[in-house]
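Participant: pasting the sequence and the predicted model now:
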Amino acid sequence: MRKRISYAFFTCTLAYVLAAIIIFILSVAQTGWERIDSDAGTFLISALTLALSEFSWWGDFYYLAILVPWLSSALMLILLVYLFKGAGPRRVLGGLSIGAYYLAMFLVFIINGLIGGWEDITYPLLMLWPLAGFGLGYLATFILEKMVMPQLTG
């Protein structure tokens, strides 16, 4: 069980680090190096949490919102790896664990739009987040299994 827990946390950490690097590169490509300031960190956290950190109830502790997708993805991966004990579908499970958080947040935005009215947000763009999350989880699992795990076990 301990190996599954460390595997899940390491996989999710790697996936969110990859996501942060990609978001940072896209941010710099869009705004340039001169726009890197304290707002860049806020933008990064907002992008990683899919605007969960934007809610006012976080107060000054908006940066703690990054724990929600990381912990929820890791716990989901632990559960999925425990249920599917075979090593075959681990890449798919890694993708599902990351993509599930973004799918849940997308559904929150859709339900909010249906109940409270559509605001100034591009909902079709948000549909890409679960797919990108699945891809990043799959990539992180692939990197972990092919490049990191043989180093640790050999």
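Facilitator: Right, received. Where do you want to start?
Participant: hmm, Ile98 and Phe134 touching each other?
Facilitator: Yes - using CB atoms under 8 Å, Phe134 is in contact with Ile98, at 6.5 Å. All C-beta atoms are positioned from the backbone trio N, CA, C, and that covers glycine.
Participant: neighbour count: the two, which is higher?
Facilitator: Ile98 (33 against 20; other CB atoms under 10 Å).
Participant: element containing that one?
Facilitator: According to DSSP states H and E, Ile98 maps onto helix 90-116.
Participant: any buried residues in that helix, and which?
Facilitator: 90-91, 93-103, 105-106, 109 (16 or more other CB atoms under 10 Å).
Participant: chain center to that helix, what's the gap?
Facilitator: Counting by CA atoms, centre = their mean, to the nearest Å, helix 90-116 is centred 10 Å from the centre of its parent chain.
Participant: which strands and helices lie in contact with that helix?
Facilitator: helix 2-31, helix 67-83, helix 123-126, helix 128-143 (3 or more CB pairs under 8 Å, 6 or more residues apart in numbering; DSSP states H and E).
Participant: Leu64 and Leu52 touch, don't they?
Facilitator: No - the pair Leu64 / Leu52 is not scored as a contact, 10.3 Å apart, by CB under 8 Å.
Participant: neighbour count for the two, which is higher?
Facilitator: Relative neighbour count places Leu52 above the other of Leu64 and Leu52, with 18 against 13, counting by other CB under 10 Å.
Participant: look up the closest residue to the more buried one, ignoring the ones flanking it.
Facilitator: With CB to CB, 6 or more residues apart in numbering as the criterion, Leu52 has its nearest non-adjacent residue at 4.8 Å, and that residue is Ala65.
Participant: count of residues packed around the one you found?
Facilitator: 20.
Participant: and Leu75, what does it touch?
Facilitator: With contact set as CB atoms under 8 Å, 6 or more residues apart in numbering, Leu75 has these partners: Ala8.
Participant: from what I can see the residue nearest to Leu52 touches Ala51, true?
Facilitator: No - if you go by CB under 8 Å, Ala65 and Ala51 don't touch, sitting 9.2 Å apart.
Participant: the nearest residue to Tyr63 once chain neighbours are set aside: what's it in contact with?
Facilitator: Closest residue to Tyr63 apart from its sequence neighbours, by CB to CB, 6+ apart: Ile45 at 5.7 Å. By CB under 8 Å, 6+ apart, the contact set of Ile45 is 53, 62-63, 65-66.
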